[in-house]
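A.B. asks: Quick one, what's the 3D model for this:
(one chain, ligands or ions: 6)
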Amino acid sequence: MTGRRCLLSWLCAAAVTCAVAQQAPPWTEDCQKSTYPPSGPTYRGLVPWYTINLDLPPYKRWHDLVSDKAPRIKILVNSLKNVANAFVPSGKIMEMVDHKLPGLLGTLPGPFEEEMKGIADVTEIPLGEIISFNIFYELFTMCTSIITEDKEGHLLHGRNMDFGVFLGWNVNNNTWVVTEELKPLTVNLDFQRNNKTVFKATSFAGYVGMLTGFKPGLFSLTLNERFSMNGGYLGILEWILGRKDATWIGFMTRSVLENSTSYEEAKNILTKTKILAPAYLILGGNQSGEGCVITRERKDSLDVFELNPKQGRWYLVQTNYDRWKSPFFLDDRRTPTQMCLNRTTQENLSFATLYDVLSTKPVLNKLTAFTTLIDVTKGQYETYLRDCPDPCIGW
Ligand SMILES: *[C@@H]1O[C@H](CO)[C@@H](O)[C@H](O)[C@H]1NC(C)=O
Ligand SMILES: *[C@@H]1O[C@H](CO)[C@@H](O)[C@H](O)[C@H]1NC(C)=O
Ligand SMILES: *[C@@H]1O[C@H](CO)[C@@H](O)[C@H](O)[C@H]1NC(C)=O
Ligand SMILES: *[C@@H]1O[C@H](CO)[C@@H](O)[C@H](O)[C@H]1NC(C)=O
Ligand SMILES: *[C@@H]1O[C@H](CO)[C@@H](O)[C@H](O)[C@H]1NC(C)=O
Ligand SMILES: *[C@@H]1O[C@H](CO)[C@@H](O)[C@H](O)[C@H]1NC(C)=O
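C.D. replies: Ligands and ions are numbered 1, 2, ... in the order given. As a prediction, the model looks like this:
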């Protein structure tokens with residue numbers, strides 16, 4: 001708790017943005033109704049689909065997508081460089097990233113090394129910057145994830161991707177710089193083998209891990225950041241210093257989506273794999289009771305909390321705090337999410353009502369880049385870009 005509070009206040013001071021972010025209330029509002037199908041000022045637009053052909057060599061898989069998006073990726077990478085240079089003005093960090101980081105690449109597993117090399121070559125961005133861009137997603141994901149089960153045992157999975165906190169505030173229109181730059185980079189991906197879908201996911205162009213996705217008919221998976229003193233920075237430092245026995249989280253979730261063939265197998269891997277940073281993994285299956293939130297430390301899982309419709313637990317909600325602790329007082333998205341689900345009732349669960357919950361401030365906030373709705377058994381997967389016009393809280 002202390003660590004998190006320090007982190008927040010330090011970053012607020014550093015960014016000098018809190019005063020601006022704290023616009024006139026109300027930051028919260030009544031549970032939204034009839035917001036679906038999406039329209040109006042909180043809806044930014046649809047997300048384009050791209051096919052990623054897993055039969056191609058890893059180096060070539062991302063070429064079409066990243067050549068479309070290269071100019072946008074460059075803008076984002078430049079913003080991140082500006083953040084790094086603001087902290088260490090000598091330019092030493094970027095020098096290290098460009099020249100030293102690729103030397104570590106030899107130790108990256110599976111297809112990831114080649115995929116990132118392919119992306120670096122097509123975008124003409126130095127490989128070290130593509131790697132840091134990929135590491136960056138392991139660290140700044142504030143999110144809300146929900147799994148629900150209706151009276152017939154049918155599951156739905158929804159999530160808001162909140163991203164870009166502390167990385168700079170645009171005073172002209174009260175938005176987070178990085179969040180805004182990520183919206184045009186948001187893509188839906190259809191990963192195929194033999195021209196058949198293996199899994200679908202939503203990601204940011206240039207990132208090869210996966211934080212939001214599903215395997216039609218089998219399971220759905222989302223990842224939320226978990227802050228902890230023994231956290232991601234330490235894990236990544238250890239990894240750079242040579243302890244390579246842990247997996248990047250985004251690589252683990254991508255591998256699970258690509259290669260696991262059941263809810264149970266996915267759950268087993270997500271619970272047991274040693275990872276570089278703590279995280280919450282939210283996993284849904286294809287039948288009654290198959291839904292869980294896995295709270296991970298780097299080595300172990302601390303808690304696996306499951307749906308239990310017989311005992312009245314017909315939904316799971318996860319934001320960025322351990323369920324047995326109160327949320328950070330300035331960032332309680334958990335209570336409004338639960339309250340709106342309670343009001344929705346188990347009788348009226350649908351993409352429409354889930355979207356209503358995910359459209360209610362502060363569950364929807366200025367960090368929200370997109371909302372995804374997943375129906376594993378029906379094979380339905382929808383992602384919508386979001387905006388949160390004033391008055392709206394910064395997170
Ligand atoms: C169910 O949800 C829809 C969509 O928000 C809403 O229009 C409808 O009034 C709700 N029905 C009940 C019985 O609450
Ligand atoms: C805010 O301004 C930035 C930079 O001009 C722009 O990219 C972004 O789309 C704007 N966002 C909104 C919600 O108006
Ligand atoms: C996939 O479909 C394309 C066009 O429909 C075809 O040319 C190609 O041979 C197919 N590939 C495989 C692996 O079946
Ligand atoms: C999935 O499994 C295949 C076959 O074992 C392997 O080549 C591939 O690298 C795996 N994918 C990921 C993302 O780990
Ligand atoms: C549900 O998933 C299991 C594996 O976890 C699979 O064996 C089964 O066929 C799936 N059921 C349906 C209806 O797709
Ligand atoms: C939601 O309903 C459950 C079960 O009735 C209750 O325990 C919980 O306090 C409610 N939460 C909110 C935020 O209203």
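
A.B. asks: so the most far-flung residue of the chain relative to its centre, which of the three states?
C.D. replies: The C-alpha centroid of the chain is most remote from residue 90, which lies 31.5 Å away (C-alpha atoms, centre = their mean). Secondary structure, DSSP: H, G, I helix; E, B strand; the rest coil: residue 90 is coil.

A.B. asks: That one and ligand 6, how far apart?
C.D. replies: Look at residue 90 and ligand 6: by C-beta to the nearest ligand atom, to the nearest Å, they are 49 Å apart. For every residue, glycine as well, the C-beta is placed using N, CA and C.

A.B. asks: Ok, residue 62 next?
C.D. replies: Distance, residue 62 to ligand 6, by C-beta to the nearest ligand atom: 42 Å.

A.B. asks: so which helix or strand takes in the nearest residue to that residue once chain neighbours are set aside?
C.D. replies: Leaving aside its chain neighbours, residue 62 sits nearest to residue 119 (5.2 Å; criterion: C-beta to C-beta, 6 or more residues apart in numbering). Assigning secondary structure by DSSP states H and E places residue 119 in helix 112-123.

A.B. asks: what's downstream of that helix, the next helix or strand?
C.D. replies: Next in line after helix 112-123, if elements are assigned by DSSP H and E, sits helix 127-136.

A.B. asks: Indicate the residue of this protein located nearest to ligand 5.
C.D. replies: Residue nearest to ligand 5 within the chain: residue 262 (3.1 Å; C-beta to the nearest ligand atom).

A.B. asks: Burial check on that residue, number of neighbours?
C.D. replies: Neighbourhood size, residue 262 [other C-beta atoms under 10 Å]: 14.

A.B. asks: and what of residue 87?
C.D. replies: Neighbour count for residue 87, taken as other C-beta under 10 Å: 8.

A.B. asks: Compute the number of surrounding residues for whatever residue of the stretch 101-250 of the chain ends up closest to ligand 3.
C.D. replies: Closest to ligand 3 within the stretch 101-250 of the chain is residue 195: 3.7 Å, counting by C-beta to the nearest ligand atom. If you count neighbours by other C-beta under 10 Å, residue 195 ends up with 8.

A.B. asks: if we can go back for a sec, can you give me the distance of the residue nearest to residue 62 to residue 130?
C.D. replies: Between residue 119 and residue 130 the computed distance is 5 Å (C-beta to C-beta, to the nearest Å).

A.B. asks: cool, residue 388 as well?
C.D. replies: Residue 388 is 30 Å from residue 130, where distance means C-beta to C-beta.

A.B. asks: Compare these two (neighbour count), which wins?
C.D. replies: Regarding residue 388 and residue 130, a neighbour count based on other C-beta under 10 Å identifies residue 130 as having more, with 27 against 22.

A.B. asks: Leaving out sequence neighbours, find the closest residue to that one.
C.D. replies: What sits nearest to residue 130 in space, not counting adjacent residues and going by C-beta to C-beta, 6+ apart, is residue 120, at 4.6 Å.

A.B. asks: Run through the residues that contact that neighbour.
C.D. replies: With contact set as C-beta atoms under 8 Å, 6 or more residues apart in numbering, residue 120 has these partners: 126-127, 129-130.

A.B. asks: Check residue 72 too.
C.D. replies: 181, 184-185, 205.

A.B. asks: The closest residue to residue 381 other than its chain neighbours in helix, strand or coil?
C.D. replies: Using C-beta to C-beta, 6+ apart and skipping residues adjacent in sequence, the residue nearest residue 381 is residue 200, 5.1 Å away. Using three-state DSSP, the structure places residue 200 in strand.

A.B. asks: next one: residue 187
C.D. replies: From three-state DSSP, the assignment for residue 187 is strand.

A.B. asks: on that earlier part again, joint contacts of residue 119 and residue 130?
C.D. replies: Common contacts of residue 119 and residue 130 (C-beta under 8 Å, 6+ apart): residue 206.

A.B. asks: in stretch 199-217, what's buried?
C.D. replies: For stretch 199-217, burial by neighbour count (16 or more other C-beta atoms under 10 Å) applies to 199-216.

A.B. asks: same thing with stretch 344-359?
C.D. replies: Within stretch 344-359, the residues scored as buried using 16+ other C-beta under 10 Å are 344, 349-351, 353-359.

A.B. asks: just checking, residue 72 is part of a helix?
C.D. replies: Yes - assessed by three-state DSSP, residue 72 belongs to a helix.

A.B. asks: Need the three-state assignment for the closest residue in space to residue 351 that isn't next to it in sequence.
C.D. replies: Using C-beta to C-beta, 6+ apart and skipping the chain neighbours, the partner closest in space to residue 351 is residue 373 (4.7 Å). Of the three states, residue 373 takes strand according to three-state DSSP.
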